[in-house]
Structure formats: structure tokens, C-alpha cells
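Asks: Provide a 3D model corresponding to the input given below.
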Amino acid sequence: NSSEMQKHKSVIYSEMGAAALLCISPYYVKTNEEGMYRHFMMSADAASAPIILYNVPGRTGCKISPEVVRRLSVHPNVMGIKEASGDMSYAMKVARYLSDDFVMYSGNDDITVPLLSVGASGVIWANIMPSEVHDMVMDYLEGREEQARRTQLRYLDLINALFMEVNPIPVKEAMNLMGLRAGSYRMPMYPMAPENRAKLAKIMREAGLPVREDA
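Replies: Residues are numbered from 1 along each chain as shown. Below you'll find the model as predicted:
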């Protein structure tokens, strides 16, 4: 089952030297509150690498409740949560449990600055502008909130374009458009529709990113 498999992989990846493990909630086979708690506890107890909870109900079909987050936040091997539900109300409830030992990372590119405003420490993105994202987060954390807000809004169209088809298809397409040779896709992922690819290239150019001339 998904719990046993995640525990097994957590141990293996810990032994391979992973710095941290991003662990999702059960998918397809849903569970109750206690089952959700024990699902993560199995991996946290077994792994030597620290665990980051990954709340992404759009992918898994279920959300990690704030109460389960509270219970897990005190586990010595649970270091934080990647919050990717897009629900600011949920994020604010979870923010009550943040501490030096339990942090929040933004998993929604379009609301990174709002999540920083309620206590998030950073961001976990698959993105094509790491320097800009780094600078935006550091601007906020170092007190330059207005500059961070402007950066978030400046790249909002590009952020949304990177999700016009299911992630990570647009990110990989964008890398290819930039000449980074990200390669082809593995099924079930499939190349972007031509009209979306053209729209993505246009928005990338408007954002000042390099795009191949033949794109």
C-alpha cells in the first residue's frame, strides 16, 4: 500500500544520503484522521533523513488536516510542510504550529509572498527563474516586502503560464524553449498543444527570458 511503500522508499533514500524527504498523503485509498497521522509517522519513525509533509490535495485527492499537522509538527524528524493547496485559510491555520523546528514552504508559485506573510520560510518550486525566485524570497525575509510584492506581481502571468497544462509539462517545455535541453516526455506526460506552446513562448519573452528564435 502507499503507506508501506513511502516508508520503504524513505528508508532507502535516507541511506542514499537524501538531505530531506518530501512525503505525500495517501492517494486513491483515502483514510481517516488517525490513519493520516500514522501514515506519516511510519516514514518519520523509520527514516533517518528529515520529513517534509507535502499537502497537495489536487494531486492526492485528500488534504492533511490542520490537527494532523499539529500532531506531526512536534515529531523530532518532521521538519516542515510544503503547502500546495492554494487555500490561504488552511495555510493560516497551519501557521499556528510553525516553530524553529517546524517550517512552512510555499508550494503554490502564485501566492509565495502571501504565504511568506503568514510565516512561511521559503519555497519549493520547479521553476525556470531560480535567481529571481531566490531574490524575491530573500527580499521579503530581509524586510524588503514591497520589492518582493512587485516581483511576485511582475511574474504572475509567467507563473500562471507554467500551469496552463498540467505541471511539469510547461516547465520542461519552457526549459527546451530556453535551449536548456530538458529532453522529451515520458508517458503519460505529452508535449504541449502547439497553441499553448506559442502562448508560453510569448509570455516568456515578455518576462525577459531567453527564448530560441525558432520557437
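
Asks: contacts, neighbours, all on C-alpha from now
Replies: Fine.

Asks: strands along the chain, start to end?
Replies: Per DSSP state E, the chain carries strands over the ranges 21-24, 51-55, 78-83, 103-106, 122-123.

Asks: out of those, which comes closest to Leu177?
Replies: Counting by C-alpha to C-alpha, Leu177 lies closest to strand 122-123 out of those; the figure is 24.2 Å.

Asks: helices and strands of this structure: which one bottoms out on pLDDT?
Replies: Least confident helix or strand of the chain, by mean pLDDT, DSSP states H and E, is helix 57-60 with a mean of 89.

Asks: what's the nearest residue to Gly58 if we skip its chain neighbours?
Replies: Ser85 (7.0 Å; C-alpha to C-alpha, 6 or more residues apart in numbering).

Asks: check Ile124 too.
Replies: Per C-alpha to C-alpha, 6+ apart, closest to Ile124 is Gly107, 5.7 Å.

Asks: run a quick check on that neighbour versus Asp87, I expect a contact.
Replies: No. Applying C-alpha atoms under 8 Å as the test, Gly107 and Asp87 come out as separate, 11.0 Å apart.

Asks: which one's more surrounded, these two?
Replies: Per other C-alpha atoms under 10 Å, whichever of Gly107 and Asp87 has more neighbours is Gly107, with 23 against 12.

Asks: what about the helices in this structure?
Replies: For the chain, applying DSSP state H gives helices covering 2-15, 33-46, 57-60, 66-73, 88-95, 112-117, 130-141, 145-154, 156-161, 169-177, 194-206.

Asks: out of these, nearest to Tyr27?
Replies: helix 57-60 (4.5 Å).

Asks: flag every buried residue along that closest one.
Replies: Going by neighbour count (16 or more other C-alpha atoms under 10 Å), the buried part of helix 57-60 is 57, 60.

Asks: can I get it in CSV, CA atoms only?
Replies: Output of helix 57-60 as CSV, limited to C-alpha atoms (Å, rounded to 0.1, in the frame of the first residue of the first chain):
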residue,chain,number,x,y,z
PRO,A,57,-4.8,17.6,-2.4
GLY,A,58,-5.1,18.5,-6.1
ARG,A,59,-2.8,15.5,-6.8
THR,A,60,-3.6,13.1,-4.0
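
Asks: name the surrounding residues that touch it.
Replies: Residues external to helix 57-60 that are found in contact with it (C-alpha atoms under 8 Å, 6 or more residues apart in numbering): 24-28, 63, 84-85.

Asks: of the residues you listed, just the buried ones, PyMOL syntax please.
Replies: Only the buried entries of the contacts of helix 57-60 go into this PyMOL selection, using 16+ other C-alpha under 10 Å:
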select buried, resi 24+25+26+63+84+85
